[in-house]
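>>> Turn this into a structure:
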Amino acid sequence: METVKISGLVSGLGDLAMAGWTAMVPGQGTRSYSLLAHCGTQQTGTVMPSVAAALGLDPIPGSVTSRLRQNTRFRLSEGGWATLCMPCGERIEYRAFDAWQAACRREKYACLYVSYRRFPSGVSVEQHLKYIVQSDQYALGLIPVS
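A predicted model of the protein is given here:
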């Protein structure tokens, strides 16, 4: 299978935004979640499903992938940094707060939402997430943490 570079799918990694949060799952404790969204000017309807597929997620809208087909993972490092390591060798790094990292270490994975809708400026992560979940405009994957 040919490796697709993420930067070849969007107009540059600067157009991708990532956010993290934790949420309590009844009876299962606190889980870590992340959102990968396109915030550039080009259409995301075809771009982000291709990004999801390149990461090893099932690109069908509303899908959940528990076993990745690729070597996508989160790597936690000292100083609070989380790095999404992609199979094509590219990386997205962001500051992850302590509770997010603790939940990742405990569960050994994080839930990654890949948004199929552009993340507009002025909209909160919560509002965007609610919109994409209600409209099944995402792919979700359980990403291993190392």
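>>> What residues of stretch 50-57 count as buried?
51, 52, 53, 54, 55, 56, 57 (16 or more other Cβ atoms under 10 Å). All C-beta spots, glycine's among them, are computed from the backbone N, C-alpha and C.
>>> Can I get that stretch in CSV, CA atoms only?
What follows is stretch 50-57, C-alpha atoms only, in CSV (Å, rounded to 0.1, in the frame of the first residue of the first chain):
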residue,chain,number,x,y,z
SER,A,50,-8.4,11.1,3.3
VAL,A,51,-6.5,12.2,6.4
ALA,A,52,-8.5,9.7,8.5
ALA,A,53,-7.7,6.9,6.0
ALA,A,54,-4.0,7.9,6.0
LEU,A,55,-4.0,7.7,9.8
GLY,A,56,-5.4,4.1,9.6
LEU,A,57,-9.0,5.0,10.6
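>>> Greatest separation within the buried residues of stretch 50-57: which pair is it?
51 and 56 (10.8 Å; Cβ to Cβ).
>>> Can I take it that residue 89 is in a strand?
No - judged by DSSP: H, G, I helix; E, B strand; the rest coil, residue 89 forms no part of a strand; its state is coil.
>>> need the contact list for it.
Residue 89 makes contact with no residue, according to Cβ atoms under 8 Å, 6 or more residues apart in numbering.
>>> Spell out, range by range, the helices that occur in the chain.
Listed in chain order, the helices of the chain (DSSP state H) span 6-9, 47-55, 98-107, 125-134.
>>> Return the closest of the buried residues of stretch 50-57 with respect to residue 100.
residue 55 (19.2 Å).
>>> which ones are touching the residue nearest to the closest one when sequence neighbours are not counted?
With Cβ to Cβ, 6 or more residues apart in numbering as the criterion, residue 55 has its nearest non-adjacent residue at 4.7 Å, and that residue is residue 72. For residue 72, the contacting residues are 55, 56, 57, 84, 85, 86, 87, 141, 143, by Cβ under 8 Å, 6+ apart.
>>> Hmm, residue 66 and the second one touching each other?
Yep, that's residue 56 we're talking about. No - contact criterion Cβ atoms under 8 Å: residue 56 and residue 66 do not qualify, at 11.3 Å.
>>> joint contacts of these two?
By Cβ under 8 Å, 6+ apart, the residues touching both residue 56 and residue 66 are residue 141.
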